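Undergrad: Provide a 3D model corresponding to the input given below.
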Amino acid sequence: MEVSTTPRWNADRPFLTGRFHQEIKVSSSNQTGSWGHSTDAASLGSENPIGSYHASVQELFVIEDLLSALVGIEGQYTSIKRVRGKEGHFIFQIDSSMDLALQEMAKRIFPLCENFLIINQFVESRSQLKNGLVNHAFAAALRALLLDYQAMVAQLEHQFRLGRLSIQGFWFYCQPMMGSMHALSTVIEKAAADNLAGSAVLNLLQSQAKAMAGDHAVRSLLEKMIQCASSAYLGILERWVYEGVIDDPYGEFFIAENKLLQKESLTQDYNAKYWRQRYSLKDGVPSFLTDVAGTILTTGKYLNVMRECGHSVQVPQSESSKLTSFGSNHHYLECIRTAYNFASGELLNLIKEKYDLVGKLRSIKHYLLLDQGDFLVHFMDIARDELAKKPDDISVEKLQSLLDLALRTTAAAADPLHEDLMCCVERISLLKRLGTLKGIEVKVPAADGNDLEDPISITGLETFSLSYKVQWPLSIVISRKALTKYQLIFRLLFHCKHVNRQLCGAWQVHQGVRALNTKGTAICRSSLLCRSMLKFINSLLHYLTFEVLEPNWHVMHARIQSAKSIDEVIQYHDFFLDKCLKECLLLLPELLKKVERLKAICLQYAAASQWLIASSVSIPDPESSSNGPLGSEKPRSWRSRNRSQGLTVAADKTVSATDSLLKFEREFNSELQSLGPILSSNSQAEPYLTHLAQLILGVGNEQ
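TA: Residues are numbered from 1 along each chain as shown. As a prediction, the model looks like this:
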């Protein structure tokens with residue numbers, strides 16, 4: 001925001017700005033030489049030095065000059081000298097021929113004159129528009145003080161005209177102002193030296209007031225200055241905590257707004273920083289607001305969300321809730337907490353009731369966490385051919401139409417939120433996808449750091465995922481990052497379901513040959529291996545769903561119901577997702593790769609199971625016992641030769657099938673046994689792995 005500037009003529013007219021003494025000094029130096037030497041009659045513009053007069057007359061001259069010096073004007077025997085190297089600093093000098101007692105009294109009063117010049121110049125300079133609202137308010141309070149000061153000077157001059165003012169009386173009447181003006185000039189010098197503005201000025205006044213705890217009058221004055229200077233700051237704070245609006249034309253408020261961050265990024269960018277960085281705390285928080293700075297920031301953020309939703313965001317105000325001052329009774333803290341409680345409660349009710357956050361989360365659980373997977377069975381049947389293709393060859397539009405068909409023809413059709421479900425196909429494997437995500441601490445072993453390459457034969461079954469349409473303001477909780485974590489869990493579950501379906505198909509093939517005489521063949525051993533594989537994949541699915549997802553979901557649901565703010569909801573939701581990712585082995589690549597290897601062996605076996613069974617069972621040829629085409633019986637020698645050749649081929653197939661089966665069995669058992677030590681070594685740090693080991697490792701012991 002462009003800040004208005006003070007007109008140039010305001011600085012070009014020294015008598016208007018209060019800097020006229022500087023200009024006069026420059027012009028005087030050209031006429032009479034440099035200031036600061038022995039102030040004689042010639043240099044001060046007087047025909048006779050003051051020392052040539054009687055002490056009583058000198059006193060009258062000194063009082064008259066001091067009255068002028070109190071308002072920054074040179075007298076007949078006093079001069080103002082600018083201090084070199086210190087802009088805005090001046091010292092008063094007096095004719096050295098003056099009576100020593102009068103000189104001493106005048107020098108005691110000169111600091112008050114110098115403080116007036118410092119304060120007056122600060123008031124003139126800080127009243128310019130560019131210096132901010134706090135400096136404006138502080139300068140206005142100082143101007144009011146200077147009016148009292150000038151009234152005191154006028155009263156002293158009146159007493160002097162009546163002949164009732166001596167130099168001792170002058171000194172006496174100046175005493176009450178000495179401490180106050182000195183304390184203020186100290187503050188002003190620090191503020192001017194560091195060019196302070198906004199909360200820095202308030203902090204400086206606060207620290208100075210604490211330092212003057214022993215002087216009640218000065219402390220009271222500084223506290224009054226704090227109240228006056230903070231009035232403008234209170235206006236900015238009030239609009240923020242009661243309306244959620246930053247009305248800060250000079251950038252003095254301790255909350256910054258980054259307008260480049262838009263709420264749409266929450267649903268598009270995995271690393272979206274909208275919620276945390278759209279509004280943030282800056283350096284220079286006022287010391288009396290340090291403890292509640294986070295509460296103030298959060299209050300305005302909540303009000304902003306409601307305003308973005310078109311909801312009324314005006315916090316109910318009363319006379320008792322107005323931020324009138326930062327007093328010692330800490331009433332302003334109660335006002336801030338009241339505003340926070342209102343904003344927090346209203347936003348939470350808005351998101352829970354109007355936008356049905358819990359219903360949305362429950363719907364995501366149904367589809368992405370496969371809580372109600374009847375639609376998935378139908379979808380996997382009708383989309384089998386499309387999912388078997390390579391990721392680059394898959395038509396996402398076709399998958400989406402098949403998904404819509406599956407949703408409309410199953411129990412999911414009763415869910416009004418099922419229309420928000422979308423298909424997506426990744427281009428990389430689950431392990432590699434985990435390695436590309438930021439903010440997820442994947443514990444990759446040093447030796448396996450480069451072993452994240454995608455397999456050559458990766459298909460849509462390994463890369464298929466679901467996504468969900470989430471609108472503002474639910475995107476604050478269910479952001480792109482949160483949805484990505486849901487998708488990682490879905491991909492693991494989906495592929496496990498696929499492996500389970502393939503093994504079930506293999507088991508059905510085994511059941512189809514039970515009526516045949518399979519004694520002495522490899523079918524019995526194949527049946528045991530198939531059962532072990534099914535036990536493994538079912539145990540894994542049971543662990544993922546009933547041991548991890550379900551209990552963690554219920555804990556999160558209970559916490560969200562009792563949450564006091566949207567930030568607590570976000571915290572509980574993120575904790576749920578991170579805990580599920582961890583306990584689903586997605587953050588442990590060493591374990592996940594073992595599981596993926598076991599699933600790959602199961603898929604290879606399931607694909608080869610029909611051939612294994614066909615090769616192990618000798619099915620009689622119906623033509624071997626029939627007659628020839630003319631009803632004549634084939635020659636016995638021909639039949640015996642044909643039978644011997646068939647037995648040789650069958651024997652070869654049986655040997656090959658047995659070898660393949662033994663290979664599958666060795667690989668599966670080897671991988672399963674190697675999983676044991678890994679689970680055991682990690683179970684001390686991750687106790688949930690102990691139960692997983694009990695579920696899975698029991699599979700290998702049954703053979």
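Undergrad: Got the phi and psi for Ile428?
TA: Per-residue torsions, Ile428: phi -130, psi 160 (degrees, to the nearest 10).
Undergrad: for Ile94, same thing?
TA: Backbone torsions of Ile94, given as degrees, to the nearest 10, read phi -130, psi 160.
Undergrad: Is it bridged to anything, and to what?
TA: Counting by DSSP bridges, Ile94 forms beta bridges with Thr78.
Undergrad: how about it, what does it touch?
TA: When contacts are counted by CB atoms under 8 Å, 6 or more residues apart in numbering, Ile94 touches Thr39, Val62, Asp65, Tyr77, Thr78, Ser79, Gln103, Ala106, Lys107. C-beta coordinates here come from the backbone N, C-alpha and C atoms, glycine included.
Undergrad: a markdown table for those, including distance to Asp248, pLDDT and neighbour count?
TA: Converted to a markdown table, the contacts of Ile94 look like this (distance: CB to CB, whole Å; pLDDT from 0 to 100; neighbours: other CB atoms under 10 Å):
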| residue | distance to Asp248 | pLDDT | neighbour count |
| --- | --- | --- | --- |
| Thr39 | 50 | 41 | 22 |
| Val62 | 50 | 93 | 27 |
| Asp65 | 47 | 93 | 24 |
| Tyr77 | 51 | 91 | 26 |
| Thr78 | 45 | 89 | 24 |
| Ser79 | 45 | 88 | 23 |
| Gln103 | 52 | 92 | 17 |
| Ala106 | 47 | 92 | 26 |
| Lys107 | 46 | 92 | 12 |
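Undergrad: Against which helices or strands is the strand or helix carrying His366 packed?
TA: Element membership for His366 (DSSP states H and E) is helix 357-368. For helix 357-368, the packing partners by 3 or more CB pairs under 8 Å, 6 or more residues apart in numbering; DSSP states H and E come out as strand 464-468, helix 480-512, helix 550-561.
Undergrad: Next, the angle strand 464-468 makes with it.
TA: Counting by axes from the mean of the first three to the mean of the last three CA atoms, to 10 degrees, helix 357-368 lies at 170 degrees to strand 464-468.
Undergrad: List the buried residues in the next helix or strand after helix 357-368.
TA: Using DSSP H and E, the next helix or strand after helix 357-368 towards the C-terminus is helix 374-382. Neighbour counts over helix 374-382 (16 or more other CB atoms under 10 Å) mark Phe375, Leu376, His378, Phe379, Met380 as buried.
Undergrad: Likewise for stretch 387-395?
TA: Of the residues in stretch 387-395, Leu387, Pro391, Ile394 count as buried by neighbour count, 16+ other CB under 10 Å.
Undergrad: so Ala506 makes contact with Gln604?
TA: No - with contact taken as CB atoms under 8 Å, Ala506 and Gln604 are classed as non-touching, separated by 10.9 Å.
Undergrad: Please say which of the two ends up with more neighbours.
TA: The residue with more neighbours, out of Ala506 and Gln604, is Ala506; 25 against 16, by other CB atoms under 10 Å.
Undergrad: now stretch 74-94, how far from the centre of its chain.
TA: Relative to the centre of its chain, stretch 74-94 is centred 55 Å away, using CA atoms, centre = their mean, to the nearest Å.
Undergrad: And stretch 49-69, by the same measure?
TA: Here stretch 49-69 is found 69 Å from its chain centre; the criterion is CA atoms, centre = their mean.
Undergrad: show me where the stretch 501-650 of the chain has helices.
TA: Here the stretch 501-650 of the chain has its helices, by DSSP state H, counting those that start in this stretch, at 523-542, 550-561, 566-583, 589-616, 636-683.
Undergrad: For the second one, name the packing helices and strands.
TA: Packing contacts for helix 550-561, counted by 3+ CB pairs under 8 Å, 6+ apart, involve helix 357-368, helix 566-583.
Undergrad: so the residue nearest the centre of the chain is in which element?
TA: Centroid check for the chain by CA atoms, centre = their mean gives Arg276 as the closest residue, at 2.6 Å. Using DSSP H and E, Arg276 maps to helix 274-277.
Undergrad: for that helix, which positions count as buried?
TA: Tyr274, Trp275.
Undergrad: What of stretch 424-438?
TA: Within stretch 424-438, the residues scored as buried using 16+ other CB under 10 Å are Val425, Glu426, Ile428, Ser429, Leu430, Leu431, Arg433, Leu434.
Undergrad: pretty sure the fifth one contacts Glu462?
TA: Yes - with the criterion set as CB under 8 Å, Leu430 and Glu462 qualify as a contacting pair; they are 7.0 Å apart.
Undergrad: what's the burial count for the closest residue in space to Ser312 that isn't next to it in sequence?
TA: Excluding the flanking residues, the one nearest Ser312 by CB to CB, 6 or more residues apart in numbering is Met306, at 7.5 Å. By the measure other CB under 10 Å, the count of residues near Met306 is 19.
Undergrad: which intervals of the stretch 1-150 of the chain have sub-threshold pLDDT?
TA: By pLDDT under 70, the low-scoring segments of the stretch 1-150 of the chain are 1-47, 84-88.
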